[in-house]
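Undergrad: Got a predicted structure here, sequence first:
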Amino acid sequence: MNLLAIDTSTESCSAALLCGERLSERSELAPRRHAELILPMIDSLLAEAGLSRRRLDGIAVGRGPGAFTGVRLGISVAQGLALGLDIPVVPVSSLAALAQAAPADTDGAILAVIDARMGEIYAGAFRRDGDGELVPIMDEMVGRATEFIFPQSKNWTVLGSGWAAYAEALASRLPAPPRFADGARYPQARAVARLAQPQFAAGRGVSPEYALPVYLRDKVALTLEEQRAR
């Protein structure tokens, strides 16, 4: 299987190419330059592998939540390429892709948190099953860090820009102090590819028009009255 994966849902712009079990990637922390970078990243990966776009079997994409513009861009690129090539798409949660970066020996709950701006975060919690696969243990949500109620777990690993922005507030809400926390992690296309691989293998890819973004909220800015209230 030749699988292309992209994620532009946060400040990090990334693309990955999975050929069998060989994975290559491009990634750059480049806010506001995703539209400029993503297609050259894809072309570079294909050229390096000696593949034409026509030899791709599917496309995986980070579907959000994340920055509105970035999520829309990633979905649009995936849809456009897949429509032209008549191949399926697997949308992957950007929070799950972030959680996938937890250390391999993580034991317990994994909290993925992305700074949603406007004083809020996107959050999702996961654990690894006996096969090492991620399993959600709470619904993905958006809200203030002080408002979340997290599942019970003795061990926590926390990843993402939401921790960098609201570490103190999140720590006060967790049932136990995190054993590992990294606020400099972002969803990456390599994780999107790994999470999508079994979905493609099971025939669960969708037609491009059904690969839809997940925003979790429908506003991009606070009103002046809301800003004053905060």
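TA: Yes, it's here. Numbering: from 1, shown residues only.
Undergrad: Every contact and neighbour count from this point should use C-alpha atoms.
TA: OK.
Undergrad: Report pLDDT for the residue nearest the centre of the chain.
TA: Central residue of the chain (C-alpha atoms, centre = their mean): Ser94, 1.8 Å from the mean position. pLDDT, Ser94: 98.
Undergrad: so it touches Gly66, yeah?
TA: Yes - if you go by C-alpha atoms under 8 Å, Ser94 and Gly66 touch, sitting 7.4 Å apart.
Undergrad: and for these two, which residues touch both?
TA: Shared contacts of Ser94 and Gly66 (C-alpha atoms under 8 Å, 6 or more residues apart in numbering): Ser9.
Undergrad: Which other helices and strands does whichever helix in the chain runs longest contact?
TA: The longest helix of the chain (DSSP state H) is helix 68-85. Using 3 or more C-alpha pairs under 8 Å, 6 or more residues apart in numbering; DSSP states H and E as the contact criterion, the neighbours of helix 68-85 among helices and strands are strand 2-7, strand 58-62, strand 89-92.
Undergrad: Go ahead and confirm Ala196 touches Ser93.
TA: No - using C-alpha under 8 Å, Ala196 makes no contact with Ser93, being 9.9 Å away.
Undergrad: Looking at those two, which is more packed in?
TA: Ala196 (27 against 24; other C-alpha atoms under 10 Å).
Undergrad: All the strands of the protein, residue numbers only.
TA: According to DSSP state E, the chain carries its strands in the segments 2-7, 12-19, 22-29, 58-62, 89-92, 109-117, 120-128, 134-136, 141-143, 156-159, 180-182.
Undergrad: Out of those, the one nearest Ala99 is which?
TA: strand 109-117 (5.4 Å; C-alpha to C-alpha).
Undergrad: just checking, what packs against the closest one?
TA: The contact analysis (3+ C-alpha pairs under 8 Å, 6+ apart) places strand 109-117 against helix 94-99, strand 120-128, strand 156-159, helix 161-173.
Undergrad: Need the contact partners of the longest one.
TA: Outside helix 161-173, the residues within contact range by C-alpha under 8 Å, 6+ apart are 113-116, 121-122, 145-146, 148-150, 177-178, 181-186.
Undergrad: Would you mind checking those for buried ones?
TA: Buried members of those, scored by 16 or more other C-alpha atoms under 10 Å, are 113-116, 121-122, 145, 148, 150, 177-178, 181-183, 185-186.
Undergrad: Pull up the gap between the spatially closest residue to Pro208 that is not a sequence neighbour and Leu195, please.
TA: Closest residue to Pro208 apart from its sequence neighbours, by C-alpha to C-alpha, 6 or more residues apart in numbering: Gln79 at 4.9 Å. To Leu195, Gln79 is 19 Å away according to C-alpha to C-alpha, to the nearest Å.
Undergrad: Going by how many neighbours each has, rank the two and give me the top one.
TA: A count of neighbours by other C-alpha under 10 Å puts Gln79 above the other of Gln79 and Leu195, at 24 against 21.
Undergrad: pull the helix or strand with minimum mean pLDDT from this protein.
TA: Ranking every helix and strand in the chain by mean pLDDT, DSSP states H and E puts helix 224-229 at the bottom, with a mean of 41.
Undergrad: between the longest helix of the chain and strand 2-7, how many degrees?
TA: 160 degrees (axes from the mean of the first three to the mean of the last three C-alpha atoms, to 10 degrees).
Undergrad: Buried residues in helix 68-85, which are they?
TA: Neighbour-count burial for helix 68-85 [16+ other C-alpha under 10 Å]: 68, 70-79, 81-82.
Undergrad: just stretch 105-118 next, same as before
TA: Neighbour-count burial for stretch 105-118 [16+ other C-alpha under 10 Å]: Thr106, Asp107, Gly108, Ala109, Ile110, Leu111, Ala112, Val113, Ile114, Asp115, Ala116, Arg117.
Undergrad: Appreciated, that's everything.
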